[in-house]
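# Fold the following for me, if possible:
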Amino acid sequence: MSSFPYDPNVATLVEAKDWLRDRVDKGATCPCCNRKAKVYRRKINSGMAWVLIRIYRLTLLGRVVGAGWVHIHDIFEGYGQKHRDWSTLRHWGLIEGYKRGRDPKRLGAGYWRVTKEGKLFAGGLSRVPLYLRVYDNRVLGPSRETVSVQEALGSAFDYDELMRA
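Residues are numbered from 1 along each chain as shown. Sure thing, here's the model as predicted:
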């Protein structure tokens, strides 16, 4: 990472933004706030696909609260939480987390549900971008490459077995 070439006490915001924009794909320290700024290329992996199918299956089995909400403890019950980046599925629009004020049952944190798009993907009826470019927890854009749920699972999991389980 190269350092900011201007005096940070007199540089303009435009200069700082231009400088950072040229380096954000590889990562750089922001000259304005001293935080690391980097665009991450996130990929749907087998663990993420497994969790999506698990939430989808719990929904199909009726193990939900209210309008399809599943608690994180139910998602990993009997499996241990071995898949750490599953919540990034929200960037693809495949799951959504509960937000206060949305449900009259007033659920708390830790509840997730599969979206319409997530049900199509988990059911093997659609494809999604293989990668997303993410900066500051916001999606900048998708890859042109797409992936099916079976391809995302790879050889680590048997799709038909997961759907039957």
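
# list the buried ones in the longest helix anywhere in the chain?
The longest helix of the chain (DSSP state H) is helix 46-60. Neighbour counts using 16 or more other Cβ atoms under 10 Å place 47-59 of helix 46-60 among the buried residues. C-beta here means a position set from N, CA and C on the backbone, and glycine is covered the same way.

# Run through the helices of the protein in chain order.
13-21, 46-60, 72-75, 116-122, 149-153, 159-164.

# who's in contact with the residue positioned nearest the centre of the chain?
What sits nearest the mean C-alpha location of the chain, by Cα atoms, centre = their mean, is residue 88, with 1.4 Å. Shown in contact with residue 88 (Cβ atoms under 8 Å, 6 or more residues apart in numbering): 42, 48, 134.

# ok, 7 Å please
Applying Cβ atoms under 7 Å, 6 or more residues apart in numbering to residue 88 gives the contacts 42, 48.

# Help me confirm that residue 145 comes into contact with residue 130.
Yes: with contact defined as Cβ atoms under 7 Å, residue 145 reaches residue 130; the gap is 4.2 Å.

# what about those two, which has more around it?
Counted by other Cβ atoms under 10 Å, residue 145 and residue 130 do not tie: residue 130 has more neighbours, with 17 against 10.
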